[in-house]
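*Asks:* Could you work out the structure for the sequence below:
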Amino acid sequence: MALTQTQDLASRMTHPMKPLLAAVHDIEDLGVPSSMVIDLFYRLLFQEREVSVQRFSEALAVSTRLADSLLAKLKLDNMVEVPRTQGSGINSMSYIYRLTEAGSKMARDAMERSQYVGPVPVPIDIYNESVEIQYANIENINPTRVRNHLKDLILPPNFDRRVGAALNAGTSLFLYGPPGNGKTTIAQICGDLLAGTEPIFIPHALTISGQIIQLYDKLRHVEINEDNEFLEQFGRRDTRWIPIKRPSIMVGGELNLSHLELRYESVARIYEAPLQMKANGGMFLIDDFGRQQVSPAELLNRWIVPLETRVDFLRLQSGQTFEFPFKQLIVFSTNLDPSELVDDAFLRRIQIKVEVGPPDEKMFYELFRIMCGSLRVPFSKDGFVHLLKTYYRGTSRMMQGAHPRDLLKTILAICAYSGEEPNMAPAMIDEACMSYFVDMDKEKSWASSVIIE
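*Replies:* Next up is the predicted model:
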């Protein structure tokens, strides 16, 4: 039957995630085995001894109606009892439950299987569907927003076009160039831009083949407030799903291959999701690429298939493997020579490559003026020219975008100690440069390479 114009408009306005987020009131509609849900009820009772219907609802992220219905069945089976009621209520919603002797045995068995107590997990196939929907539904980031976020950086003309293209493509970005010129800052701005788009929903935990994988990470995911107007369109929701800002996960030299695989907690008997799964829908930045605890070759071998297929695979302890979408902007940032780190096969799979080079003298001048205003150091053209001639033109030293900030902070530290007003007099420039720069080429008479046995 043909839709009316009003119905068609309403259909197009419905968020594609709404069907997945619909509130659930029956245990069969949770999508997981009822035994897994019952185990969670037993474990919560085992840990907290006496639990209200409302507490079951909050802790396990199920509706009070579902909790009340399941507890009534457990009570009928003599697994739980009601020692008292809460407040002045006389209906089942006011009951406080505890385990019977038979229920305590069932709870201990449940604790043997796993010690996870939290929201009922979401099946992996439903999670995979949600990632695909939310990746396809990401809003485009327009040039004005990109330029706005980059406005405090002095960059070459049209630099925003390359960064903006990478953000909207949502695949991969390779930032390279000498240190100190803003690669990490640019990558973080990319993360901020993505976080400023429409929020996404992730489950607190996933399940596959009876195993539980904890996905939500309060240290890496930023939950949005329930009064956010974006949430109004979903009405009553399945609270197993958490609304978060699109994630921005950054790792550096500490990264090793174990961070990219499931981590099994042998005591709790649950898995923790790897970083790339936690980053789905947002950005995953590998900073200082080439300085990780694993070789670039090993790391690239791990990434090369997901970058090509946009699908990754994980393995459970049982040996079973499963796939999940690899849908995030992955950013590699390095100050090492790309030709020594990666081969053509890898670079071909990186959609956009951007060199972040050192500033020229004009850009360096602008950076100094901006940083002087920011740090409240009076700008001196004479002092700047002295710096340029003495410490750059007369040497092989390369200008870096971080130098103006660092040198001015050094001047502020010197002046705070001496009691002088901050200034850029040539003598102050000399003192700051002596404290900041290390002359790597000059032979140090006090340094010996001879090892005395």
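*Asks:* just how off-centre is the helix or strand where residue 102 lies within its chain?
*Replies:* Assigned by DSSP states H and E, residue 102 falls within helix 101-113. How far helix 101-113 lies from its chain's middle: 37 Å, per CA atoms, centre = their mean, to the nearest Å.
*Asks:* Keeping just the C-alphas, turn that helix into PDB.
*Replies:* This file holds the C-alpha atoms of helix 101-113, laid out as PDB (Å, rounded to 0.1, in the frame of the first residue of the first chain):
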ATOM      1  CA  GLU A 101      19.200 -22.200  49.800                       C
ATOM      2  CA  ALA A 102      18.400 -23.700  46.500                       C
ATOM      3  CA  GLY A 103      19.000 -20.300  44.800                       C
ATOM      4  CA  SER A 104      22.300 -19.900  46.500                       C
ATOM      5  CA  LYS A 105      23.600 -23.100  44.900                       C
ATOM      6  CA  MET A 106      22.400 -21.900  41.500                       C
ATOM      7  CA  ALA A 107      24.200 -18.500  42.200                       C
ATOM      8  CA  ARG A 108      27.500 -20.200  43.100                       C
ATOM      9  CA  ASP A 109      27.300 -22.200  39.800                       C
ATOM     10  CA  ALA A 110      26.600 -19.000  37.900                       C
ATOM     11  CA  MET A 111      29.600 -17.300  39.600                       C
ATOM     12  CA  GLU A 112      31.800 -20.300  38.500                       C
ATOM     13  CA  ARG A 113      30.800 -19.700  34.900                       C
END
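*Asks:* mean confidence score for that helix?
*Replies:* For helix 101-113, mean pLDDT is 96.
*Asks:* Past that helix, which element shows up next along the chain?
*Replies:* Going down the chain from helix 101-113, the next helix or strand is strand 122-123, by DSSP H and E.
*Asks:* buried ones in the one helix or strand residue 353 maps to?
*Replies:* Secondary structure assignment for residue 353, by DSSP H and E: strand 352-355. For strand 352-355, the neighbour count (16 or more other CB atoms under 10 Å) marks 352, 354 as buried. To be clear about C-beta, it is placed using only N, CA and C from the backbone, and glycine gets the same treatment.
*Asks:* Which strands or helices does it pack on?
*Replies:* helix 159-169, strand 172-176 (3 or more CB pairs under 8 Å, 6 or more residues apart in numbering; DSSP states H and E).
*Asks:* With mean pLDDT, distance to residue 225 and mean neighbour count added, can I get these in TSV?
*Replies:* Below are those laid out as TSV (pLDDT from 0 to 100; distance: least, CB to CB, whole Å; neighbours: other CB atoms under 10 Å):
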stretch	mean pLDDT	distance to residue 225	mean neighbour count
helix 159-169	88	25	18
strand 172-176	90	30	23
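*Asks:* Would you mind giving these as TSV with distance to residue 102 added?
*Replies:* Listed next are the helices and strands packed on strand 352-355 as TSV, based on distance: least, CB to CB, whole Å:
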stretch	distance to residue 102
helix 159-169	57
strand 172-176	56
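*Asks:* Point out where the stretch 1-150 of the chain drops to low pLDDT.
*Replies:* The stretch 1-150 of the chain contains residues with pLDDT under 70 at 1-13, 88-89.
*Asks:* likewise the stretch 301-450 of the chain?
*Replies:* By pLDDT under 70, the weakly predicted segments of the stretch 301-450 of the chain are 440-450.
*Asks:* And the helices in it?
*Replies:* Along the stretch 301-450 of the chain, counting by DSSP state H, counting those that start in this stretch, helices occupy 338-341, 344-349, 361-375, 381-388, 403-418, 426-436.
*Asks:* In TSV, list those along with mean neighbour count.
*Replies:* Listed next are those as TSV, based on neighbours: other CB atoms under 10 Å:
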stretch	mean neighbour count
helix 338-341	14
helix 344-349	14
helix 361-375	16
helix 381-388	17
helix 403-418	17
helix 426-436	16
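*Asks:* So which of these is nearest residue 296?
*Replies:* Checking those against residue 296 by CB to CB gives helix 338-341 as the closest, at 4.7 Å.
*Asks:* Please enumerate residues in contact with that closest one?
*Replies:* By CB atoms under 8 Å, 6 or more residues apart in numbering, the residues outside helix 338-341 that reach it are 174, 176, 289-290, 296, 334, 347.
*Asks:* 6 Å instead, please
*Replies:* Under the contact criterion CB atoms under 6 Å, 6 or more residues apart in numbering, helix 338-341 has outside partners 176, 290, 296.
*Asks:* Check stretch 349-365 too.
*Replies:* 154, 162, 166, 169, 171-178, 181, 183, 307-308, 398-399, 401.
*Asks:* how about residue 116, what does it touch?
*Replies:* Residues near residue 116 by CB under 6 Å, 6+ apart: 212, 270.
*Asks:* Distance of it relative to residue 69?
*Replies:* Using CB to CB, to the nearest Å, one obtains 22 Å as the distance from residue 116 to residue 69.
*Asks:* Residue 329 too?
*Replies:* Distance from residue 329 to residue 69, counting by CB to CB: 43 Å.
*Asks:* do the same with residue 366
*Replies:* On the measure of CB to CB, residue 366 and residue 69 end up 67 Å apart.
*Asks:* And for residue 146?
*Replies:* 51 Å.
*Asks:* And those two? Which one has more around it.
*Replies:* residue 146 (22 against 15; other CB atoms under 10 Å).
*Asks:* Dump the strand or helix carrying that one to PDB, restricted to CA.
*Replies:* Per DSSP H and E: residue 146 is located in helix 143-150. The C-alpha trace of helix 143-150 is given here as PDB (Å, rounded to 0.1, in the frame of the first residue of the first chain):
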ATOM      1  CA  PRO A 143      34.900  23.200   5.400                       C
ATOM      2  CA  THR A 144      33.900  26.000   7.800                       C
ATOM      3  CA  ARG A 145      34.000  23.600  10.800                       C
ATOM      4  CA  VAL A 146      37.400  22.200   9.800                       C
ATOM      5  CA  ARG A 147      38.900  25.700   9.300                       C
ATOM      6  CA  ASN A 148      37.400  26.800  12.600                       C
ATOM      7  CA  HIS A 149      39.200  24.000  14.400                       C
ATOM      8  CA  LEU A 150      42.500  24.600  12.600                       C
END
